[in-house]
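> coordinates for the following, if possible.
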Amino acid sequence: MSAEKASACPHCGSTTPYWQPKVPANGLGGPFLLYGLETGFLPTATFDVVVCADCGLTRFFAGAKERAKLPKAKKWSRVEQPSGNRLVVRTVGEEKRNA
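Alright, predicted model coming up:
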């Protein structure tokens with residue numbers, strides 16, 4: 001799902017979302033939330049943020065540029081569909097060895 005398509009709140013069902021595009025994910029005193037997906041010397045990764053006006057649920061959507069880097073990103077692991085009650089996490093190195 002993308003921020004542009006976030007119409008109904010998955011928590012309360014409200015249809016009053018508010019959207020702010022391209023919010024920096026560089027921390028500004030906090031953590032680097034898209035660590036390893038930045039480009040250049042200064043972290044430039046961004047989120048689109050959707051906030052429900054009724055219940056306050058806040059969702060962060062990584063930009064297309066950042067999402068495109070995920071398959072090769074060394075600091076991110078892919079989470080596969082749960083098998084029973086277990087999540088299966090594969091690191092980038094494991095995917096290459098198993099390919």
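> pretty sure Glu66 is in a strand, no?
No. Counting by DSSP: H, G, I helix; E, B strand; the rest coil, Glu66 is not part of a strand but helix.
> so what pLDDT did it get?
In this model, Glu66 is scored at 88, pLDDT.
> give me the nearest residue to it, chain neighbours excluded.
Leu37 (4.3 Å; Cβ to Cβ, 6 or more residues apart in numbering). Placement of C-beta: from N, CA and C, glycine included.
> pLDDT (mean, whole number) over stretch 12-28?
pLDDT averaged over stretch 12-28 gives 84.
> what comes up buried for that stretch?
Across stretch 12-28, burial judged by 16 or more other Cβ atoms under 10 Å covers 17, 25-26.
> just to revisit the earlier point, could you report the neighbour count for the residue nearest to Glu66?
22 (other Cβ atoms under 10 Å).
> report the contact partners of Thr46.
Listed by Cβ atoms under 8 Å, 6 or more residues apart in numbering, the contact set of Thr46 reads 21-25, 63, 66.
> rerun that using 6 Å as the cut-off
The neighbours of Thr46, taking Cβ atoms under 6 Å, 6 or more residues apart in numbering as the test, are 22, 24-25, 63.
> ditto for Leu34
By Cβ under 6 Å, 6+ apart, the contact list for Leu34 reads 25, 45, 62, 66.
> any chance of a markdown table for the residues you listed, columns secondary structure?
Output for those, formatted as a markdown table (three-state DSSP):
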| residue | secondary structure |
| --- | --- |
| Ala25 | coil |
| Ala45 | coil |
| Ala62 | strand |
| Glu66 | helix |
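> wait, which of the residues you listed is closest to Ala6?
Ala62 (13.5 Å; Cβ to Cβ).
> ok, back up a step: in the contacts of Thr46, find the pair that's most separated.
Pro24 and Gly63 (10.9 Å).
> so Val51 makes contact with Tyr18?
Yes. Under the criterion of Cβ atoms under 6 Å, Val51 makes contact with Tyr18 at 5.1 Å.
> show me the strands in this structure, by range?
17-24, 46-52, 58-62, 78-83, 86-90 (DSSP state E).
> partner strands of the first one, with direction?
Read that as strand 17-24. Sheet pairing for strand 17-24, assigned by DSSP bridges, gives strand 46-52 (antiparallel).
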